[in-house]
Each structure stands twice: as structure tokens, then as C-alpha cells.
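1. Sequence first, then the predicted structure:
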Amino acid sequence: MTTSAEAYERYRGPEFRRLLAAARRSLERNGGEITGSIGLTNPTTAERNVVVGITGAYRSADVRRLTIPLAALEESVRNVTGGSLRSVLERIGPELRFRADERTTLDQARQELRAEAETSPLHAAHSWYREWLVGLAYDGTITGLINKNDAHILSQAIHVLEYLHSRPSDSPPVMLPALADATTGDTKALNPGRGALPTLVLRALATARGIPLESGAEARRELWDTFDVIVDDLASRVLVLNLPATGQGLGQWLTDAALYGTPFHITLHQLITLPIAINLPTVYICENPAVLRRAAGELGKSSPPLICAEGRPSTAFHRLARLITDAGGTLHYHGDFDWPGIEMTNQLRTRYQAKPWRMSAADYLSGVRSDSDHVQLGGKPQGTPWDQELAEVMERENRAVYEEAVTDTLLADWSPSISEEIH
């Protein structure tokens, strides 16, 4: 028996490579226990000679598979090196990884991380939060964080979500770097491409809104916007027509634009740095910029004050809407007759007590009759509490009526020759 380095080195030879690999798999699978047998398929002459030497049993050259008790290999290794089979395997490298132990450790780490996440007050208060956590566990995200030693990122994501949901509804928008600094201490932590944290948070926010998480900078910015988080205060803007205001700079520009009946884009940066006051009893909101464009072209300065949501309201839109309602103004909203349009109507009713305008069942049926397009409704059906019949007839007709198809009716309401009655 020898304990010299040469004794260990012999096991690095090619004739031992597959045999020791099989032994490694067996030990890792069985928690290091020397049990059972290992085998070699289509052994080379050198490998067959090794097995014969260990077992003392002759094996003919035409045998396709050789098996050897692991205990016999262990005894042979001890006779040669004075050490165990495990010591030889780890000396050759790498260290053994006991799969069962790792699974137990991983399962425990997952349970601890889930338990920590469930202590958040969001867990009891919001079904979307629970759905988010289940999704992270189901698709392996939590496992991936643990394996990469990034479990702390989930805690950071939860901190961001708690911060956003604890802010009062009338709080001013927060810039993304300021949000990151307040919740992680790193102003760049929520920037795109900064690891898993931004994706975890945005995935939660999308779940809270009941929408899929879309890729692309525009989709990310719009999702942050829905939670009053400003990614870019120049990119967030709102289109208006005939919206006079008071205030230096922006207020003057809006008033001048209204004198000429010309549309004006307001950026969030302008709303923040150039404060304005708007004292108007009634302001209309449309969803599609084509409506505002026609109002500017056909009615000009005689058009009533109009704001365009441009599909999905931005942070700039919400800030402007709040200025109007806080000053006592009333918002009248018209959007697409599809389920996303109805959902937006409900959101604006809840947030600003906006009054649906030309959004009745009769208006919808009139649009269906005059619209040559036959686009089926998509998405999740929504309730229409301001007109219960509307949701019923929309489900029955299963047709979308987009705002540009009924623009003539909307403009007729604003024509000086039409009654001031609000429909």
C-alpha cells in the first residue's frame, strides 16, 4: 500500500475516467453511500483490464457491459492509496455534490423565502400580490434567485411594491431614480438591464393591472406611468386643445394656443417645473387623437376644452386631470366601445368622477349600425354601472366600435348650433 501522490495520479488515467465518473454519479445520488453497482458499456481493453484487476474475475472481450460493486472499487482504492473512494474523486475534482442534500437545502431556502414574502402586508391585502408570488415559484424564478445567491433581490422588489402602494393617491409622481434610491439605496437599481429587480417589480405591477408584461422601453414606461412613476418626464406628455390656464410660461402658452384653436402637447416636465391653474367648469376627454385633430380642424377655437388620452393615459395626463378636478372642474369622457375602452372609462370614473359621454347602449348600437368594420370584441368583459344595458348589448353584438368611427356624432355635440346638453 502506498500513500504517495503517484498512487492518486494513476486514477487520472483514461482507463479510469468513465469508471470514476459512474462512481461519482452514484455517490452524489446516494448521499455518499457506498452501495450498489456501477457499470461500463462497450468498455475498451484498458477499462476491461481495470475491472478484471479490481474484481479478480475474468471478463471476455466480447462482453458489451461490465458491472462492478461499488464496495469492490472502494476496497481497491483503499488498498492502493490508503484513502477512500470519495477522497480520490475529490482530489481529482471537483468536490462531490450530494443531490438529495442540495434538494433539501434548496427546498428549505424556497420555503423560507416564500414565508418571508408572505409577511408583507400586501399578501393579505391584494390578490395580485399572491398571484405574483405563486407565479415566481411556479416558473422557477425563486429557485433561480436562490441558485445565483440573489434571494435579497426578491426582498428589494417587495420593498419597492410596498413603497408604491403605501403612497397616498394624491402624492405627486416620483422619478424612477428617486424611487430606486428610497427603496434600495441605489439610484440605478430599477434601470432596465440592471439584473432581475426591475423585471420582478414590473411583473408584479403588470399582474396588479391584470395585463401581460410586455417587452420594450415604451411598454415599460407606460406601466411605470400607471403607478405614477416617471421614467422620463419629457416622454410623458398629454395632447390638449383649447385649454387656457394661468401661470407663467406654460399657462401663457396654453392660453395663446387656445386663442388660435391649435393643439398643444404638454410634457410632464412642463407641468412639474411650470405650475399652472385651470379653472374650467367642463373639460372633455377623448381616447383617440384623430378626434382632437378633427375638432381642431373643423371647430378650431370654438371647440370646447379637450384632452386626449392617446390610448393609455400617461402620468402627464393624470397630473393634468387632477389639476382640473381639484379646481372644481368636471371631466366628460368618451372612448372606444371595446373592453379596454370600457375599463378605462371605469378607471376615470373611479379616479376623477368623470362622466361617461356618448357612452350609452343607444350610442353603441348607433355606432354598430353605422360602422362598416366588423371587429370582434377581445379581452375581459367589463361592467358598465352608468348604463347596465351597455355591457349586455356589447356582449350580445360582440362588435367593437372605435372612437374615430363616431367622431361626427361627437363633433355635433360641440357645434355652436347644437344644444349645450351633455349626453
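-> That came in fine, so what should we check first?

2. I'd like to know how far residue 218 sits from residue 311.
-> Plainly put, residue 218 is 11 Å away from residue 311 if you go by C-beta to C-beta, to the nearest Å. The way it works is simple: take the backbone N, C-alpha and C, and place the C-beta from them, glycine included.

3. Those two: which has the busier surroundings?
-> residue 311 (15 against 10; other C-beta atoms under 10 Å).

4. end to end, how far does stretch 48-63 reach?
-> 9 Å (C-alpha to C-alpha, to the nearest Å).

5. as a whole number, average confidence for that stretch?
-> Mean pLDDT, stretch 48-63: 86.

6. All the helices of the stretch 101-250 of the chain, residue numbers only.
-> Assigned by DSSP state H, counting those that start in this stretch, the helices in the stretch 101-250 of the chain fall at 121-125, 127-138, 141-147, 151-166, 176-184, 197-209, 217-225, 250-260.

7. Check the protein for me, the residue farthest from its geometric middle.
-> The C-alpha centroid of the chain is most remote from residue 58, which lies 63.7 Å away (C-alpha atoms, centre = their mean).

8. Which residue comes closest to it once chain neighbours are left out?
-> In this structure, residue 58 finds its nearest non-sequential neighbour in residue 52, 6.1 Å apart by C-beta to C-beta, 6 or more residues apart in numbering.

9. before we move on, what about residue 373?
-> With C-beta to C-beta, 6+ apart, the residue lying closest to residue 373 is residue 405, at 7.0 Å.

10. Run through the neighbouring helices and strands of the helix or strand containing residue 86.
-> Element membership for residue 86 (DSSP states H and E) is helix 85-92. Applying 3 or more C-beta pairs under 8 Å, 6 or more residues apart in numbering; DSSP states H and E, one finds that helix 85-92 makes contact with helix 5-9, helix 14-29, helix 70-81.

11. With distance to residue 279 and mean neighbour count as added columns, please give those helices in TSV.
-> Listed next are those as TSV, based on distance: least, C-beta to C-beta, whole Å; neighbours: other C-beta atoms under 10 Å:
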stretch	distance to residue 279	mean neighbour count
helix 5-9	89	13
helix 14-29	75	17
helix 70-81	87	18
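
12. Run through this protein and note the low-pLDDT ranges.
-> Scanning the chain for pLDDT under 70 picks out the ranges 1-4, 98-106, 416-423.

13. For the most centrally placed residue in it, give me its contacts.
-> When C-alpha atoms, centre = their mean is applied to the chain, the residue found nearest the centroid is residue 203 (2.2 Å). For residue 203, the contact set (C-beta atoms under 8 Å, 6 or more residues apart in numbering) comprises 132, 135-136, 213.

14. which one of the residues you listed has the most neighbours?
-> Of these, with other C-beta under 10 Å as the count, residue 132 tops at 25 neighbours.

15. Not counting its own residues, what contacts stretch 242-261?
-> By C-beta under 8 Å, 6+ apart, stretch 242-261 touches 240-241, 263-264, 266, 270-271, 274-280, 283, 296, 299-307.

16. ok, 7 Å please
-> 264, 266, 270, 274-278, 296, 300-301, 303-306 (C-beta atoms under 7 Å, 6 or more residues apart in numbering).

17. Can I get that stretch in CSV, CA atoms only?
-> Taking Å, rounded to 0.1, in the frame of the first residue of the first chain, the C-alpha atoms of stretch 242-261 are listed here in CSV:
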residue,chain,number,x,y,z
ASN,A,242,-58.4,74.9,-26.1
LEU,A,243,-57.3,74.5,-22.5
PRO,A,244,-56.5,78.1,-21.3
ALA,A,245,-54.6,78.2,-18.0
THR,A,246,-53.0,80.7,-15.6
GLY,A,247,-49.3,80.6,-14.7
GLN,A,248,-46.1,81.9,-16.2
GLY,A,249,-44.7,80.0,-19.1
LEU,A,250,-46.9,77.0,-19.7
GLY,A,251,-50.1,78.8,-18.6
GLN,A,252,-49.4,81.6,-21.1
TRP,A,253,-48.6,79.1,-23.9
LEU,A,254,-51.8,77.2,-23.3
THR,A,255,-53.9,80.4,-23.3
ASP,A,256,-52.2,81.6,-26.5
ALA,A,257,-52.8,78.2,-28.2
ALA,A,258,-56.5,78.3,-27.2
LEU,A,259,-56.8,81.8,-28.9
TYR,A,260,-55.9,80.2,-32.2
GLY,A,261,-57.6,76.8,-31.7
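
18. If we go by neighbour counts, what in that stretch is buried?
-> For stretch 242-261, a neighbour-count test (16 or more other C-beta atoms under 10 Å) marks 242-245, 250-251, 253-255, 257-258, 261 as buried.

19. now stretch 364-371
-> By 16+ other C-beta under 10 Å, the buried positions in stretch 364-371 come out as 364-365, 367-368, 371.
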